[in-house]
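S.K.: How does the following fold in three dimensions:
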Amino acid sequence: MTDYRTLDEVTVEYFTQHPEEVDAFLAEVFTDYAQDGDSAALLSALRIIARVKGISKVAAEVGMTRQGLQKALSAKGNPRLDNVNAIMRAMGYQLMPYRLN
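M.R.: Residues are numbered from 1 along each chain as shown. Next up is the predicted model:
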């Protein structure tokens, strides 16, 4: 029987091998979120990048358990803005306003 990998697993592997593309990926995800408000897609993308950066490391920096971080970034997660900000900072990013033209 063939073991199939999930899209998330393939994506994590890709960004682990191509870390220079993470910034553009996150910029695109946040642009999409600003347009469609799909929080599940945003949280999924953040979960992928947390896995690339090391989910245990990110969780420790945020002050959460590994499971707590995974739950917050799950499709059914509903983290507070301060949690999203802390997670972004732990991954080396910050939330910033961007003026629309």
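
S.K.: Please identify which helix or strand holds residue 95.
M.R.: When elements are assigned from DSSP states H and E, residue 95 belongs to no helix and no strand.

S.K.: ok, now how distant is it from residue 17?
M.R.: Look at residue 95 and residue 17: by Cβ to Cβ, to the nearest Å, they are 27 Å apart. No exception for glycine: its C-beta is placed from N, CA and C like everyone else's.

S.K.: residues contacting residue 43?
M.R.: 72, 73, 74, 75, 77, 79 (Cβ atoms under 8 Å, 6 or more residues apart in numbering).

S.K.: ok, and the closest non-adjacent residue to the residue most central in space within the chain?
M.R.: For the chain, the residue whose C-alpha lies nearest the mean C-alpha position (Cα atoms, centre = their mean) is residue 46; its distance is 0.7 Å. Spatially, and ignoring its direct neighbours in sequence, residue 46 is nearest to residue 73 (5.3 Å; Cβ to Cβ, 6 or more residues apart in numbering).

S.K.: what's the distance between the one you found and residue 84?
M.R.: The gap separating residue 73 from residue 84 is 9 Å, by Cβ to Cβ.

S.K.: Ok, residue 14 next?
M.R.: Distance of residue 14 to residue 84, given as Cβ to Cβ: 23 Å.

S.K.: quick one, what contacts the residue nearest to the centre of the chain?
M.R.: Going by Cβ under 8 Å, 6+ apart, residue 46 touches 29, 73, 84, 87, 88, 91.

S.K.: Now do the helices for the chain: every range, in order, please.
M.R.: Assigned by DSSP state H, the helices in the chain fall at 7-17, 22-36, 39-53, 55-62, 66-72, 81-90.

S.K.: Does residue 59 touch residue 72 like I think?
M.R.: No. Proximity of residue 59 to residue 72 does not meet the contact threshold set by Cβ atoms under 8 Å, at 9.5 Å.

S.K.: neighbours around residue 7, how many?
M.R.: Neighbour count of residue 7, defined by other Cβ atoms under 10 Å: 9.

S.K.: Let me know the pLDDT of it.
M.R.: In this prediction, residue 7 carries a pLDDT score of 93.
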